[in-house]
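> From the sequence below, what's the structure:
(one chain, ligands or ions: 1)
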Amino acid sequence: MPDRYAVIGNPIAHSKSPAIHAAFAEQTGQDIRYGRLLGDRDDFAGDVRRFFAEGGLGLNVTVPFKEEAWALADERSPRAEIAGAVNTLIRLDATRIRGDNTDGVGLVRDLGINHGFDFRARSVLLLGAGGASRGVLLPLLESGLARLRIANRTAAKAEDLAALGAAFGPVEGCGLDQLEGERFDLIINATSAGLSDAVPAIPETCLAPGGWTYDMLYGDVPTAFCRWGAAHQAARALDGLGMLVEQAAESFHLWRGIRPKTATVIKGLRRPG
Ligand code: ATR
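Okay, the predicted model is just below:
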């Protein structure tokens, strides 16, 4: 019997995680089965307990259950602790489950390893102060960057998130309307504005010459923020598909102790159809 894993969310039909983990398993010769679970919005904890009681070894958790997964984990990694959200559950023994969050390391590895962005001495702007931003905060602060600014439409949320991160690195929060005259080497979009094909309202001159943009969203066509980057002469305007695959690779590593290669998997997902 193959070892069992799954992704749980609601909705879940369009998740790419089963295809990604199937590719990792084939590449590394691991005998696993990775399924898709539609979580019950009223009984997520019950779904998780059942999955593990029936012998499952690990779950990926996606919208809208990441905070609930954080709450039900019996122990958590430091990066999950700060994130306030868990995207990976690991069976420890018959009664205990560990929660981790691989989103931030996925972002940092996609930028740093796949694309060669050198975080050292760079100033980075993180747009948004919701779950997506909080989820990547600690790995970003540990990337070696010189300065992180969190900017949000609602300034107080950015200030609160910056206060949470301040013990771990150089971070400040502000409103989107307080960026005038500032320059950043990398701008990361972690807002949900792109879901309605919009971009956060930031000054035209925010991106330093030679700077990069990164949208945590991805799509079959360039996202609104990728288009903003291209229109503002970004040296690279990247979307979040690489982050998706890298966070999956980190989960796979946590479960199986093997780090799969990601380049061909990312390329495969890029191909239309
Ligand atoms: P997620 O889990 O995707 O981060 P969230 O917690 O609802 O979702 O947070 C959404 C983020 O996108 C917030 O930072 C939100 O800004 P506010 O806190 O001011 O609401 C931001 N956001 C959404 N639509 C936006 C828009 N059109 N322009 C700028 N920011 C936007």
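
> low-scoring stretches of the stretch 151-273 of the chain, by residue?
272-273 (pLDDT under 70).

> what does it put close to the ligand?
Asn152, Arg153, Thr154, Lys157, Thr191, Ser192, Ala193, Ala198, Pro200 (C-beta under 6 Å from any ligand atom). All C-beta atoms are positioned from the backbone trio N, CA, C, and that covers glycine.

> Which single residue in the stretch 101-250 of the chain comes nearest to the ligand?
Closest contact between the stretch 101-250 of the chain and the ligand, by C-beta to the nearest ligand atom, is at Gly130 (2.0 Å).

> Which residue ranges of the stretch 1-150 of the chain form helices?
Along the stretch 1-150 of the chain, counting by DSSP state H, counting those that start in this stretch, helices occupy 17-28, 44-53, 66-72, 78-83, 103-109, 131-141.

> Reformat those helices as TSV; add mean neighbour count.
Shown next, in TSV, are those (neighbours: other C-beta atoms under 10 Å):
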stretch	mean neighbour count
helix 17-28	19
helix 44-53	16
helix 66-72	19
helix 78-83	21
helix 103-109	26
helix 131-141	24
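
> Columns mean pLDDT on top of those helices, output as JSON lines?
Shown next, in JSON lines, are these (pLDDT from 0 to 100):
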{"stretch": "helix 17-28", "mean pLDDT": "98"}
{"stretch": "helix 44-53", "mean pLDDT": "98"}
{"stretch": "helix 66-72", "mean pLDDT": "98"}
{"stretch": "helix 78-83", "mean pLDDT": "96"}
{"stretch": "helix 103-109", "mean pLDDT": "98"}
{"stretch": "helix 131-141", "mean pLDDT": "97"}
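
> so who does the spatially closest residue to Cys174 that is not a sequence neighbour touch?
Excluding its sequence neighbours, the residue lying closest to Cys174 (C-beta to C-beta, 6 or more residues apart in numbering) is Ala151, at 5.4 Å. Ala151 sits next to Leu125, Leu126, Leu127, Ala158, Gly173, Cys174, Gly175, Leu176, Gln178, Leu179, Pro200, Ile202 when contact means C-beta atoms under 8 Å, 6 or more residues apart in numbering.

> what do you get for Phe117?
Counting by C-beta under 8 Å, 6+ apart, Phe117 makes contact with Leu111, Leu186, Trp212, Arg236.

> and those residues, which are buried?
Leu111, Leu186, Trp212, Arg236 (16 or more other C-beta atoms under 10 Å).

> so can I have TSV of those showing distance to Asp220?
Formatted as TSV, the buried ones among the contacts of Phe117 follow (distance: C-beta to C-beta, whole Å):
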residue	distance to Asp220
Leu111	22
Leu186	24
Trp212	22
Arg236	19
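
> What about the residues you listed, which are in strands?
Leu186, Trp212, Arg236 (DSSP state E).
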